[in-house]
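J.: Return atomic coordinates for the entry below.
(one chain, ligands or ions: 3)
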Amino acid sequence: MASMDISSILQGGYQHPVSRSWQGRRALTKSMFMYPIFITDDPNASVLIPSLPGQHRWGVNKLVEFLGPLVKKGLSSVILFGVPLNCVKASPPYFAVTDIPLTSYGLQDGRGSPADDENGPVIQAIKVIRANFPNLYIACDVCLCEYTDHGHCGYLNEDGTIHTEPSVQRIAQVSVNYAKAGAHCVAPSDMMDGRIKAIKRGLIDAGFGNKVTLMSYSAKFASSLYGPFRDAAGSAPSFGDRKCYQLPPTAKGLARRAILRDVGEGADIIMVKPALPYLDIIADAAQLAPDHPLACYQVSGEFAMIHAGANAGVYELKTMAFESVESMVRAGATLILTYFTPDFLEWLS
Ligand SMILES: NCc1[nH]cc(CCC(=O)O)c1CC(=O)O
Ligand SMILES: [Zn+2]
Ligand SMILES: [Zn+2]
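T.: Ligands and ions are numbered 1, 2, ... in the order given. As a prediction, the model looks like this:
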């Protein structure tokens, strides 16, 4: 060892737990975690989702009891997903958005009207959370796939292709209605071209420009890792796939263009999704949008996979969960959407 060159020695710098804690650029904090929760339209529901270990579909009447202990432990933000299950399915009509009157809640109509119905699960949940947890930051996922009968993220033309303009118009309308109900943040996950600009315009025109954050799922890939979520939300497409709007897994260049576009269209936060297989994209986003908060979504399949590996004895769950999010932070993420949030609140206490 005496012959080893001074420039060869690194271990002296991290032999102690305290010196190891200085090796990350940023330490994990509780406020880095945003918790995705599923709100269904049975107000008393508390239904375990089999493919998402420990996660439930909640009815609005259960939210206070469920969130109370988490808020006490330091939960600072949630993202809401509506899961309308008590809807009659109709065959998809094809139309321009302005031609279709709002139907009453309960009818799945190809227009996605339950998304922002006054009595629908998301609007109700926003109000309950605002009233009971004044410091909890509420983001709302905005998409049409949970609400349309065909399960696609936008409206369709007769040939099954995306009808972009009415889709974007409707997504902006839903976003504004979530803002009116009290959401602090709207997060469009639909991947329709031009929706960030349309939502920003809508928010500004409705007086929410300086009050509501716009978080864009900018680099969202067509991934195999959304399976448990589609189970949970009942949002699997009834035909076809999402490859014409979600990005191909190989598409580094498209992801970079989408990030730059969304920055230009007024996004306040950029997101990469899924997270762990796309760390290079997170690093690209950190470099392309260095002055924006950068979110990543550790999606349902990543969460299920980490649990499955732990159950198979491949690693210890907590160690792997830490390694996964530490990797995301190392790549440049400042905010992580994850079903592990309740666990991290415990682990970081
Ligand atoms: N647009 C809906 C949406 N919003 C978030 C997810 C995935 C979240 C997860 O898997 O945890 C999806 C699924 C999809 O696009 O098919
Ligand atoms: Zn969708
Ligand atoms: Zn297609």
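J.: can you count the residues close to residue 288?
T.: Per other Cβ atoms under 10 Å, the neighbour tally for residue 288 reads 19. Yep, even glycine has a C-beta here, placed from its N, CA and C like the rest.
J.: Do a quick rundown of the strands in the stretch 101-250 of the chain.
T.: 107-108, 137-142, 185-188, 213-220 (DSSP state E, counting those that start in this stretch).
J.: In CSV: those strands, plus distance to ligand 2 and mean neighbour count.
T.: Shown next, in CSV, are those (distance: least, Cβ to the ion, whole Å; neighbours: other Cβ atoms under 10 Å):
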stretch, distance to ligand 2, mean neighbour count
strand 107-108, 14, 19
strand 137-142, 8, 24
strand 185-188, 9, 27
strand 213-220, 9, 27
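J.: Would you single out the least confident of those strands?
T.: Mean pLDDT is lowest for strand 107-108 out of the strands of the stretch 101-250 of the chain, coming in at a mean of 40.
J.: show me where the chain has helices.
T.: 17-21, 63-72, 121-132, 164-181, 195-205, 227-233, 252-265, 279-288, 300-311, 317-331, 341-347 (DSSP state H).
J.: worst average pLDDT in these?
T.: helix 17-21 (a mean of 82).
J.: outside of that helix, which residues touch it?
T.: With contacts defined as Cβ atoms under 8 Å, 6 or more residues apart in numbering, helix 17-21 is touched by 13-14, 27.
J.: filter these to the buried ones?
T.: Neighbour counting with 16 or more other Cβ atoms under 10 Å marks none of the contacts of helix 17-21 as buried.
J.: Quick check: residues of the protein near ligand 2?
T.: Residues of the chain lying near ligand 2 by Cβ under 5 Å from the ion: 143, 145, 153.
J.: Redo those as a markdown table? Include pLDDT, distance to residue 343 and neighbour count.
T.: Below are the residues of the chain next to ligand 2 laid out as a markdown table (pLDDT from 0 to 100; distance: Cβ to Cβ, whole Å; neighbours: other Cβ atoms under 10 Å):
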| residue | pLDDT | distance to residue 343 | neighbour count |
| --- | --- | --- | --- |
| 143 | 93 | 26 | 26 |
| 145 | 87 | 28 | 20 |
| 153 | 89 | 29 | 25 |
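J.: Now those in a markdown table, please, with extra columns for distance to ligand 1.
T.: Listed next are the residues of the chain next to ligand 2 as a markdown table, based on distance: Cβ to the nearest ligand atom, whole Å:
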| residue | distance to ligand 1 |
| --- | --- |
| 143 | 4 |
| 145 | 5 |
| 153 | 5 |
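J.: Just the closest of those to residue 128, please.
T.: Taking Cβ to Cβ as the measure, residue 143 is the one of these closest to residue 128, at 21.4 Å.
J.: Contacts only, for the spatially closest residue to residue 200 that is not a sequence neighbour.
T.: Using Cβ to Cβ, 6 or more residues apart in numbering and skipping the chain neighbours, the partner closest in space to residue 200 is residue 266 (3.6 Å). If you count contacts by Cβ under 8 Å, 6+ apart, residue 266 has them with 196-197, 200, 214.
J.: Counting neighbours, which of those comes out on top?
T.: Result: residue 196 is most packed of the contacts of residue 266 (other Cβ under 10 Å), 27 neighbours.
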